[in-house]
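> Pasting the sequence and the predicted model now:
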Amino acid sequence: MKYLMFETHKDESNVKFHIPIIFPVALVHRQVADAIKPILQESHGNVRVISAGDYCSTTGKCFGGSDSLKLHADPMDALTISQYDLFQGIKL
């Protein structure tokens, strides 16, 4: 699987809010980012992609990067993805 990590600020505060998007390897990071960004902007305002790469659901690790976006995976994104149900992307 591949992933993107978007960043925004929740409720116009300074609290960072990360939104992971996980998708099949057959898709290109740039195309998925371009398709999802306008949808997220409608509900979250200003958003940006901060990291991108590959995600292994078996090991729960993020690695690699995206050539099309010129971004690297952040190993800490795995924690955001695994705990998204608990914290809804709020960076503590």
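Thanks, I have the structure now. Numbers count the residues shown, from 1 in each chain.
> who's in contact with residue 25?
With contacts defined as CB atoms under 8 Å, 6 or more residues apart in numbering, the neighbours of residue 25 are 1, 2, 54. No exception for glycine: its C-beta is placed from N, CA and C like everyone else's.
> again with residue 5
Contacts for residue 5 (CB under 8 Å, 6+ apart) come out as 18, 19, 20, 21, 49, 50, 51, 52, 74, 77, 80.
> These in strands, which ones?
Judged by DSSP state E, the subset of the contacts of residue 5 located in strands is 18, 19, 20, 21, 49, 50, 51, 52.
> List buried residues within those.
If you count burial by 16 or more other CB atoms under 10 Å, the buried members of the ones in strands among the contacts of residue 5 come out as 18, 19, 20, 21, 49, 51, 52.
> follow-up on the earlier one: closest one of the contacts of residue 5 to residue 42?
Ranked by distance to residue 42 (CB to CB), the contacts of residue 5 are led by residue 19 at 12.8 Å.
> wait, that closest one sits on residue 41?
No: contact criterion CB atoms under 8 Å: residue 19 and residue 41 do not qualify, at 11.3 Å.
> which residues are in contact with both of these two?
When CB under 8 Å, 6+ apart defines a contact, the residues bordering residue 19 and residue 41 alike are residue 47.
> re earlier: ok, and the most crowded of the contacts of residue 25?
residue 2 (20 neighbours; other CB atoms under 10 Å).
> Can you name the residues that contact it?
Residues in contact with residue 2, defined by CB under 8 Å, 6+ apart, are 22, 23, 24, 25, 27, 29, 32, 52, 53, 54, 55, 66.
> any idea how far the helix of greatest length in the chain is from the chain center?
Among the elements of the chain assigned as helix by DSSP state H, the one spanning the most residues is helix 29-44. From the chain centre to the centre of helix 29-44 is a distance of 11 Å (CA atoms, centre = their mean, to the nearest Å).
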